[in-house]
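Enquirer: Task: produce atomic coordinates for the following.
(2 chains)
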There are 2 protein chains.
Amino acid sequence: MGVRGVSKRILVGRKLRSSQLGETLLPKRIALPVFASDALSSVAYAPDEVFIMLSLAGASAYVWSWKIAIAVALVMAAVIASYRQTVHAYPSGGGDYEVATVNLGQTAGTTVASALLVDYVLTVAVSISSAAQYASSAIPAVHDHEVLFASMAVLALMAVNLRGIRESGTVFAVPTYVFMAAILGMCAFGFLRLLAGDLPQVESADLVITPEEGMDGALTTMGLLFLLARAFSSGCAALTGVEAISNGVPAFKRPKSRNAATTLLLLGLIAITMMVSVIVLAKQMGLRYVDPHDLDRLSRDGVALSEETYRQDAVIAQIARAVFSDFSPAFYLVVTVTGVILVLAANTAFNGFPVLGSILAKDGLAPRALGSRGDRLAYSNGIVFLALMAIVLIVAFDAEPTRLIQLYIVGVFVSFNLSQLGMIRHWTRLLATESDPAERRRMLRSRVINTIGLSFTAVVLVIVLITKFLAGAWITLLAMGFFFLVMRGIKGHYDKVALELAANDEDNVLPTRVHAIVLVSKLHKPTLRALAFAKASRPNILEGVYVSAEPAETNALLEAWDERNLGVPLKVLHSPYRELVRPIVQYASEIRRANPRGVVAVYIPEYVVGRWWEQLLHNQTALRLKGRLLFTPGVMVTSVPYQLRSSEIGRERAEREISRVRPGDLRRGQVQREDADPSQYR
Amino acid sequence: MGVRGVSKRILVGRKLRSSQLGETLLPKRIALPVFASDALSSVAYAPDEVFIMLSLAGASAYVWSWKIAIAVALVMAAVIASYRQTVHAYPSGGGDYEVATVNLGQTAGTTVASALLVDYVLTVAVSISSAAQYASSAIPAVHDHEVLFASMAVLALMAVNLRGIRESGTVFAVPTYVFMAAILGMCAFGFLRLLAGDLPQVESADLVITPEEGMDGALTTMGLLFLLARAFSSGCAALTGVEAISNGVPAFKRPKSRNAATTLLLLGLIAITMMVSVIVLAKQMGLRYVDPHDLDRLSRDGVALSEETYRQDAVIAQIARAVFSDFSPAFYLVVTVTGVILVLAANTAFNGFPVLGSILAKDGLAPRALGSRGDRLAYSNGIVFLALMAIVLIVAFDAEPTRLIQLYIVGVFVSFNLSQLGMIRHWTRLLATESDPAERRRMLRSRVINTIGLSFTAVVLVIVLITKFLAGAWITLLAMGFFFLVMRGIKGHYDKVALELAANDEDNVLPTRVHAIVLVSKLHKPTLRALAFAKASRPNILEGVYVSAEPAETNALLEAWDERNLGVPLKVLHSPYRELVRPIVQYASEIRRANPRGVVAVYIPEYVVGRWWEQLLHNQTALRLKGRLLFTPGVMVTSVPYQLRSSEIGRERAEREISRVRPGDLRRGQVQREDADPSQYR
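Expert: Okay, the predicted model is just below:
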């Protein structure tokens, strides 16, 4: 290969790289895995919760399991249908928050936002805790160290997201499709064996469940209803995450809304199939499953079990072990891929959190810095906050999904409800002005769908509140209240500031004169440059200002100054105790007092270095001075930078920083432009 | 009392307060306690070390104890006499560092500086560990929790010094004088009882010390010499802290040097008296004292003791308990005041550390920020660093003074030696030009004193190095080497930068034209003010620049802009993904490229808020932009502040910050001016 060949290959290589970067809009087959991990991963814990709740009345109550599965599936269908309306009506990615804000007002919007914030934390906590449970099924070493394992996993996710990983379609696609194949394949194989009549029993099938006290014997109707309500509301954990697509419409390939709606439908079908199959299969295979805290309600041959004598594996793990008989690779595949999908689901929160933050920032509900792309500090703070809160929950609830789920569902259904209500309002508003009969029919149908959705989700919310309030939902509501108040406070502050800043006609007045002072510490290049720049802006008065601590140094400087013949007077301020900020602020204030309609321009020479430790060694005083001068009215502060050779390193780092990937970029559909050559615009 | 009376009292009260603030130069009676705590407090652990070392050969070796005390006293007398020369010759407070730098060059100075840095850390660690030992004698609850107690004490000292406590003469005077009275009184009382023939025995008098293996039986001459050398070098711990006065000359009342020399003499006399008395008395009272790790070398009635059966109290505690027979208030007074003086000694390091930092900063060996008074962050970092290093040592060495002292003495004697050598050079240099015979005699005498001092301290340094290198002194030398290299690196960096910044004749060139751009985000007061200020500086070109993310907002702004009739064009930069920094940097670079000899003036409107959380909500993007623009050549960045009402809070906080007391102020003799009225120069 000649030189031409080499150079061509390099060029092609570059081009490819740059074109890959540009192509971030997602086709459905990629969008599905990107947005589905959160929703699909709930099959890893939702069926378990149904069985745990029913077990309170003993294994006989398991006859209700498939009916509850059907009820949850119905709710999910209604919710999916509703969100299909949303992605058409609000394709900008604002999701529930936008729907609630636009149709129900700021308060509803803020409520949804606080529910979402809490949900992101819980998504991380629940998914990772569940992943730890699966890990402990597969890896004996993890057993009894789930809290540590889960906390480390959250920290690892945090690190990865702080570093700025590019969410790539393939990273999601492979494990998500493998997960679907594994779970659906396992269920299909199970049903085949059921038809063939050789479906084996799960490991817990020979256990006996002692009902909870008061639940033994025949239940009253009320008792039964309450039990089924609790099981149903726990099963609704399967619905968490279905809203993700409505926040990700901008990332879809055109036609965005239609593709998103189709993907949503697919997601719903797969999720329902998985959940119903797992529950039915588990029932058929004789599963016995109780709250991990009540292991002693399980007994084998009349002997109560305990943590020492029995390890209760998750439902999917039990099914996998039994269905594939003793073919352990299949068992490990199912368990591993379930764990991976749970980690991806947690990662979803790390990506959704900053997106929500930037939407809230645009509306003044979160610090503005979150709104402009590339404020690394603000993003990082958000990610660290999310991770730490999740770890707090994991530690507080011992990494037990069962206990964390009590907190989870209420937030999800608060936003479902407000969003459905908002959509009904939306259609009603549109119907008021629409006259085209075909359009009206479509809108009416949509409104019916959303009304059905609302009635379903409202019932679930009431059930969840009743059955879960004391079990932990109060914590969620408290946290939501806290976020609500913080956002209200931020919004109030921004509104107040906007009012104070609103311009009126007096604000066009020009200052009468500019008195410029150039801070002089030594007579070196940066000072000379600052003097030259200050001269170029032709102030009415220009002088150098030197803060003198030692007479010898001062005399040397004065001599050098005169020698240079700069044509600018040098004012010396005395400061025997090496204070710098106070004399300058005082002098600037005096100038301003003498001429209140003028402006004082303070020029500060700064040398720019590149390495972080060099930055510690320079300009600290300049920084403090600038900070202090900003509080002085009638003063403007000009930094005149002088770039040292090492500043190149810093410039390049800043450049990399700006073009770095941030969590959430993918689902915002942000096309990365690879700028031609950063050196072009130094 | 009428209203007049009240108002007068308030005025007088105020006046008093302000005059107290002015009067920080110290009379001898106050200077002694301020600077003495470090040196005097060594009597709390130095005698213990002598007995521990001698005990290796059994209690019979204690016959050497008073001879070792005399030897240590001789060295101390020589060192004190030497430092009396130093305070006359170098009254600026630079102490050993200045002497070494001026007379022996930068390398020697940097070596002394690194020794001092290490010593400050060790002063804290040793003093607080010893204080914990005394606390455990008096308070049973502290026993076995010395590490925790000591660490908490260091953290408390850190907090107090971060907060900025005013070192006041009285705070030192009362406990220091009580300490002197208590120790000297105890010894005098003991000697009286000795004369009266009823000196009681200490609690350990009936114990038998088993000599260390190989040390039993008659010692060889070499063995004995080595044993005595070890005991002597441990006893030299009594010398730590005597150099403090030489760093504090500026704080003394005039005539500063003479007062400092007199105070030094007093300090020496008291320290020697205390140390010799304690050792002699302890020997007379039958003390048995071994390394706390070797408690099993003590036995009572043939039974070896252990940590469970015997608590070995510090020497002074044992003497106090016995001398005052069973009068426990006197015992508690001695032990308490010893503990307090040890804490004051540790606090000395917190005050000396920043003073040394500012001296090093002036010479370019430490970050410049340490050199100007009032850089709180730099000071705080230093204090936190000191505290954390001390805690690391306390934890690593189990808060045992005996083990920490092995690290302590080497650094002290390195600086003693270099300082004495420097003083000899100093006198030799002066003698070369001096012709007045009286002066020459004085100088010759001084040189003799310093030569004696050097010969003593050199011998001690060699003994310390031989006897303590493996016991821990290597850690000190390693740390000194580390500090040395860091300071060299900083100095090298500053020198390199100075070279790069040195002005030449080209640097007077004026930019040909100024192209000013005013960043516009909204059309509010801050923007209008920035436009007005920018106009007032009459640039060749002036334009507003707006980064547009959404067409609707952009159109609204353009309309408002036209309506206002500002006479300034508005340039719109498109940034669909809400990036802000990159488009502006790019635009500024383009302007500059088009006119390489011109300058781009970027005006950034900033609104100034007061509360910390408000600051989080504003200007974060402006900050990032400013940081990035500094890397762009030919650009100057002007912040045009607009002070919101709440900024008043921030201004006042900044004001308080500037006038706050900092550790080390007292010993620098910094007179605090209470400025008439800060509101005068807003």
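Enquirer: can you tell me the helix or strand for A:V547?
Expert: Per DSSP states H and E, A:V547 falls inside strand A:541-548.
Enquirer: Send over that strand as PDB, restricted to the C-alpha atoms.
Expert: Output of strand A:541-548 as PDB, limited to C-alpha atoms (Å, rounded to 0.1, in the frame of the first residue of the first chain):
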ATOM      1  CA  ILE A 541      -8.900  58.700  32.700                       C
ATOM      2  CA  LEU A 542      -6.400  55.800  32.700                       C
ATOM      3  CA  GLU A 543      -4.000  55.000  35.500                       C
ATOM      4  CA  GLY A 544      -2.100  52.000  36.800                       C
ATOM      5  CA  VAL A 545      -2.700  51.000  40.400                       C
ATOM      6  CA  TYR A 546      -0.200  49.300  42.500                       C
ATOM      7  CA  VAL A 547      -0.800  48.000  46.000                       C
ATOM      8  CA  SER A 548       2.400  48.500  47.900                       C
END
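Enquirer: Quick check: buried residues in it?
Expert: A:L542, A:E543, A:G544, A:V545, A:Y546, A:V547, A:S548 (16 or more other CB atoms under 10 Å in any protein chain shown). For every residue, glycine as well, the C-beta is placed using N, CA and C.
Enquirer: tell me the mean pLDDT over it?
Expert: Here strand A:541-548 scores 93 as its mean pLDDT.
Enquirer: Now find how far off-centre the following helix or strand past that strand is within its chain.
Expert: Note on strand A:541-548: by DSSP H and E, the next helix or strand toward the C-terminus is helix A:551-564. Relative to its chain's centre, helix A:551-564 lies at 58 Å (CA atoms, centre = their mean, to the nearest Å).
Enquirer: and helix A:551-564, which residues are buried?
Expert: A:T554, A:L557, A:W561, A:R564.
Enquirer: correct me, but A:G472 touches A:I409?
Expert: No - between A:G472 and A:I409 there is no contact under CB atoms under 8 Å: 10.0 Å.
Enquirer: who has more neighbours, these two?
Expert: A:I409 (31 against 17; other CB atoms under 10 Å in any protein chain shown).
Enquirer: buried set for the helix or strand the more buried one falls within?
Expert: Assigned by DSSP H and E, A:I409 belongs to helix A:401-433. Neighbour counts over helix A:401-433 (16+ other CB under 10 Å) mark A:401-427 as buried.
Enquirer: Same question for stretch A:289-299.
Expert: A:Y289, A:V290, A:D291, A:P292, A:L295, A:R297, A:L298, A:S299.
Enquirer: residue boundaries of the helices in the stretch 501-650 of chain A?
Expert: A:525-536, A:551-564, A:581-594, A:612-617, A:620-629, A:647-658 (DSSP state H, counting those that start in this stretch).
Enquirer: out of those, deepest packed?
Expert: Ranked by mean neighbour count, those are led by helix A:525-536 with a mean of 23 (mean count of other CB atoms under 10 Å in any protein chain shown).
Enquirer: Where do the strands of the stretch 151-300 of chain A begin and end?
Expert: Taking DSSP state E, counting those that start in this stretch as the test, the strands found in the stretch 151-300 of chain A are A:208-209, A:298-300.
Enquirer: strand partners of the longest one, parallel vs antiparallel please.
Expert: Take DSSP bridges as the rule and strand A:298-300 pairs in its sheet with strand A:208-209 (antiparallel), strand A:303-304 (antiparallel).
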